[in-house]
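Visitor: here's my sequence, what's the structure:
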Amino acid sequence: MAGIGLASFLSDLGHEVPTALLPAFLVRTLGAPAAALGLVEGAADALAGAAKLLGGGLADDPRRRRATAVGSYATTAVLSGLIGLAGAPWQVGVLRGGAWAARGLRSPSRNALLAEAAPQAASGRAYGFERAMDNLGAISGPLLGIGLVAALGVRGAILASTIPGLLAAAAIFDAARHVPARPDPPARPSAFPRPRVRAVFRGTLGRAMAAMAAFELGNVAATLLILRASELLSPSRGERAASAFALALYTAYNLAATLASLPAGRLVDRRGPRAALGLGVGLFLLSYLGFAAGGAGALLPGAAFVLAGLGIGCVETAEHAAVARLTPDELRGSAFGVLGAVQSVGNLVASGTTGLLWSALSPGVAFLWPVAWMAASLALLGAGGRWSSTP
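Guide: Residues are numbered from 1 along each chain as shown. Sure, this is the predicted structure:
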């Protein structure tokens with residue numbers, strides 16, 4: 001379990017460096033228009049979502065999930081680092097898309113490996129620890145990027161980010177070696193097996209997925225939270241100071257997510273994943289109500305950011321633990337792949353719809369969209385019956 005958590009930390013530490021530097025590298029170094037950044041990131045996110053679903057079929061086979069996890073961690077590291085050698089925006093797009101596709105492909109295998117390694121009674125703490133390490137990497141990566149840019153320049157910093165990424169691949173390789181092999185794993189005849197989507201949406205897991213999907217349809221991108229905080233703070237602080245303070249609040253969001261993940265895991269182990277998921281969704285509901293209400297001063301957006309950070313720490317831990325507990329091993333990879341696809345599609349719909357409502361009506365009205373989906377998720381959690389674990 002520790003090795004998988006370390007891999008998540010090192011991988012995020014590595015790929016957050018090019019992520020943080022990508023806007024400046026594309027626009028200033030390569031002279032691309034701002035629209036190119038949106039195109040590159042949108043395409044990369046779409047590829048990652050599709051790869052999560054496809055990776056679920058590979059992760060159903062215990063033998064393939066090990067090779068997929070190690071290979072994808074290494075591929076993400078190499079392709080992300082090679083962005084530092086790019087001489088044209090299209091090259092950045094190809095490398096970023098390939099890196100994010102590999103990142104998506106590895107997720108079901110990593111999560112299935114963690115389910116193998118952790119006893120079911122401790123699955124909440126296992127996924128809480130992995131999420132905490134992932135969020136810690138997201139905090140540390142941009143800080144590492146600042147130091148690397150000062151020492152090596154932008155291109156050198158991006159190239160150097162390959163090192164922690166390759167260390168992550170080594171960590172997941174070592175962790176996979178220590179996961180007990182299941183006797184006589186089932187053979188998968190096809191070279192690239194399809195995920196078993198229909199089976200995932202049956203029974204208890206299907207009811208759990210419905211509640212998770214409702215949450216994801218209201219889980220807007222953090223960039224919209226940053227924009228809303230900036231708008232609320234600008235009248236009293238000025239545009240530049242408000243933007244800087246909003247970015248500081250985003251750091252607080254990631255820190256809150258890191259601190260919430262382990263307690264959320266303990267709650268999963270004591271009360272089950274539905275309790276932790278419900279807590280996280282409730283925290284998001286309060287956060288979005290705050291962003292919808294608005295108001296002058298830093299207190300309201302600050303509290304809303306922290307509530308959202310605590311909420312995502314609870315939700316991500318609960319979602320992963322629920323899939324691990326509610327699926328047999330031979331279906332677990334597909335289930336994690338479906339979860340990843342639901343997250344990607346839901347986030348796209350949530351952010352796109354909120355952005356359109358923002359432009360057409362007002363920010364306050366726009367945030368009522370995620371508020372409604374948080375309420376729907378809570379209703380589905382309350383009506384879903386008991387979530388019995390798979391033996």
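
Visitor: do a quick rundown of the strands in the stretch 151-300 of the chain.
Guide: When secondary structure is read from DSSP state E, counting those that start in this stretch, the stretch 151-300 of the chain shows no strands.

Visitor: which residues of it score low on pLDDT?
Guide: For the stretch 151-300 of the chain, the stretches with pLDDT under 70 are 180-193, 195, 223, 234-247, 295-298.

Visitor: what's in contact with stretch 127-136?
Guide: 1-2, 4-6, 8-9, 12, 111, 114, 118, 254-255, 257-259, 261-266, 268, 313, 316-317, 320-321, 324 (CB atoms under 8 Å, 6 or more residues apart in numbering). In short, each C-beta sits where N, CA and C put it, glycine included.

Visitor: ok, stretch 283-302 next?
Guide: Defining contact as CB under 8 Å, 6+ apart, one finds that stretch 283-302 is touched by 215, 218-219, 225, 228-229, 232-233, 235-237, 245-246, 249, 252, 303-305, 307-308, 310-312, 314-315, 363-368, 370-371, 374-375, 378.

Visitor: buried among these? Make that a PyMOL selection.
Guide: Typed into PyMOL, the line below selects the buried ones among these, using 16 or more other CB atoms under 10 Å:
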select buried, resi 215+218+219+225+228+229+232+233+237+245+246+249+252+304+305+307+308+310+311+312+314+315+363+366+367+368+370+371+374+375+378
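
Visitor: test my guess that N219 contacts G346.
Guide: Yes. With contact defined as CB atoms under 8 Å, N219 counts as touching G346 (6.2 Å).

Visitor: dump the residue contacts of P108.
Guide: K52, G55, G56, L58, A59, R65, G333, S334, F336, G337, G340.

Visitor: adding distance to A24 and pLDDT, write these out as TSV.
Guide: Shown next, in TSV, are the contacts of P108 (distance: CB to CB, whole Å; pLDDT from 0 to 100):
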residue	distance to A24	pLDDT
K52	29	88
G55	31	84
G56	35	84
L58	36	81
A59	36	81
R65	37	80
G333	38	82
S334	39	83
F336	34	86
G337	34	87
G340	29	86
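
Visitor: from those, which is closest to R274?
Guide: The nearest member of these to R274, counting by CB to CB, is F336 at 18.1 Å.

Visitor: so that closest one makes contact with A112?
Guide: Yes. If you go by CB under 8 Å, F336 and A112 touch, sitting 5.9 Å apart.

Visitor: give the residues shared as contacts by the two.
Guide: Overlap of the contact sets of F336 and A112 (by CB under 8 Å, 6+ apart) consists of A59.

Visitor: now do L310 against G124, distance only.
Guide: Distance, L310 to G124, using CB to CB, to the nearest Å: 16 Å.

Visitor: and if you look at L26?
Guide: 40 Å.

Visitor: quick one: which of the two has more around it?
Guide: G124 (32 against 24; other CB atoms under 10 Å).

Visitor: which non-adjacent residue is nearest the more buried one?
Guide: In space, and not counting its chain neighbours, G124 is closest to V268: 2.6 Å by CB to CB, 6 or more residues apart in numbering.

Visitor: show the contacting residues for that neighbour.
Guide: S123, G124, R125, Y127, G128, A275, A276, T317, A318, A321.

Visitor: pretty sure the last one sits against Q120.
Guide: No. At 9.4 Å, A321 and Q120 do not qualify as touching, with contact defined as CB under 8 Å.

Visitor: more neighbours, those two?
Guide: Between A321 and Q120, counting by other CB under 10 Å, A321 is the more crowded of the two (32 against 15).

Visitor: which residues of the stretch 1-150 of the chain score low on pLDDT?
Guide: Where the stretch 1-150 of the chain drops to pLDDT under 70, the residues are 1, 34-35, 38.

Visitor: related to what we said a few turns ago, now, the contacts of stretch 127-136 that are in helices?
Guide: 2, 4-6, 8-9, 12, 111, 114, 254-255, 257-259, 261-266, 268, 313, 316-317, 320-321, 324 (DSSP state H).

Visitor: all helices for the stretch 201-350 of the chain, in order.
Guide: Here the stretch 201-350 of the chain has its helices, by DSSP state H, counting those that start in this stretch, at 203-216, 222-237, 239-271, 273-293, 299-326, 329-360.

Visitor: what angle separates whichever helix or strand P142 is part of from helix 239-271?
Guide: Per DSSP states H and E, P142 falls inside helix 123-160. Computed by axes from the mean of the first three to the mean of the last three CA atoms, to 10 degrees, the angle separating helix 123-160 from helix 239-271 equals 140 degrees.
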